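Peer 1: fold the following for me, if possible:
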Amino acid sequence: MTQLPEKTERKLGLVIDLDTCVGCHACVISCKGWNSENYGAPLSDQDPYGGDPSGTFLNRIHSYEVQPEEGPAQLIHFPKSCLHCEDAPCVTVCPTGASYKRTEDGIVLVNETDCIGCGLCAWACPYGAREMDKAEGVMKKCTLCVDRIYNENLPEEDREPACVRTCPSNARHFGDLGDPDSAVSQLVAERGGMDLMPEQGTKPVNKYLPPRPKDQLNEEVDMLAPLLAPVAEEPKGFLGWLDKTLEKI
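Peer 2: Residues are numbered from 1 along each chain as shown. Below is the predicted model of the structure:
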């Protein structure tokens, strides 16, 4: 079985803001595109234009309607991918050492040449973040775009995961969560970032920022009502004549 490093030099990961994610799936599409053309085997699709399509994705969006104790129901869009856990059970269960956690940055990867497609890592992952590629017979998972974030051939602003670079609502953030002074760590501290299913004891590196309660209709809406009303109830002058003429046609 594969051993986890005692500690890592950095803890690269994602911070996902559930308050600003709009469920547009731009991150899903950009992830699929980048990882089908670069690192490892392409993410295959089966019968993509037929009646029963299926495929391999490293990032998926799930949407839920949540009813809080107070206030109106909220629609929450929940992105899910590998959380690059500190105590990753998918690594320790791997019989060939194909799954491993990097010491230099904490990223969990799969060496596809050593993967035998046994699926044990998928069974061990409590988040359902691993997917078997049917075409290649190997396990696939989020790589944090490791072939992108260190790519010196790319402009510096592009050296971040494709999903982060693409997100139109700035709901996804990337950085070193092992550094308390990093922007992502400060964001987690300010907004009360949460672990997904902490009871599993996997110590996920990725964090989620909780959605803020949505206000009900209040006095502010009433203040805007006069501004939204028509400027004039009945058009006058030339516009009035034109309106009456068009009614007769």
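Peer 1: use CA for all of it now, contacts and neighbours both
Peer 2: Fine.
Peer 1: and the protein, what are its domain boundaries?
Peer 2: 12-209, 224-248 (automatic domain parsing).
Peer 1: deepest in the core, which of these is it.
Peer 2: Highest mean neighbour count among the domains of the chain (mean count of other Cα atoms under 10 Å): domain 12-209, with a mean of 17.
Peer 1: run the chain-centre distance for that one.
Peer 2: 7 Å (Cα atoms, centre = their mean, to the nearest Å).
Peer 1: the bottom helix or strand of the protein by mean pLDDT?
Peer 2: When each helix and strand of the chain is scored by mean pLDDT, DSSP states H and E, helix 219-228 comes last, with a mean of 56.
Peer 1: tell me the secondary structure at the residue nearest the centre of the chain.
Peer 2: By Cα atoms, centre = their mean, the mean C-alpha position of the chain lies nearest to residue 79, the distance being 3.9 Å. Per DSSP: H, G, I helix; E, B strand; the rest coil, the local secondary structure of residue 79 is strand.
Peer 1: per-residue pLDDT, it?
Peer 2: What the model reports for residue 79 is a pLDDT of 96.
Peer 1: show me the contacts for the nearest residue to residue 46 once chain neighbours are set aside.
Peer 2: Spatial nearest neighbour of residue 46, excluding adjacent residues (Cα to Cα, 6 or more residues apart in numbering): residue 54 at 5.2 Å. Contacts here follow Cα atoms under 8 Å, 6 or more residues apart in numbering; on that basis residue 54 touches 45-48.
Peer 1: quick check on residue 108: phi, psi?
Peer 2: For residue 108, the backbone dihedrals (degrees, to the nearest 10) come out as phi -90, psi 130.
Peer 1: and if you look at residue 75?
Peer 2: phi -100, psi 120.
Peer 1: show me what contacts it?
Peer 2: Contacts of residue 75 (Cα under 8 Å, 6+ apart): 63-66.
Peer 1: now do residue 158
Peer 2: Residue 158 neighbours (Cα under 8 Å, 6+ apart): 148-149, 165.
Peer 1: rerun that using 7 Å as the cut-off
Peer 2: Residue 158 sits next to residue 165 when contact means Cα atoms under 7 Å, 6 or more residues apart in numbering.
Peer 1: now do residue 20
Peer 2: Residue 20 neighbours (Cα under 7 Å, 6+ apart): 169, 171.
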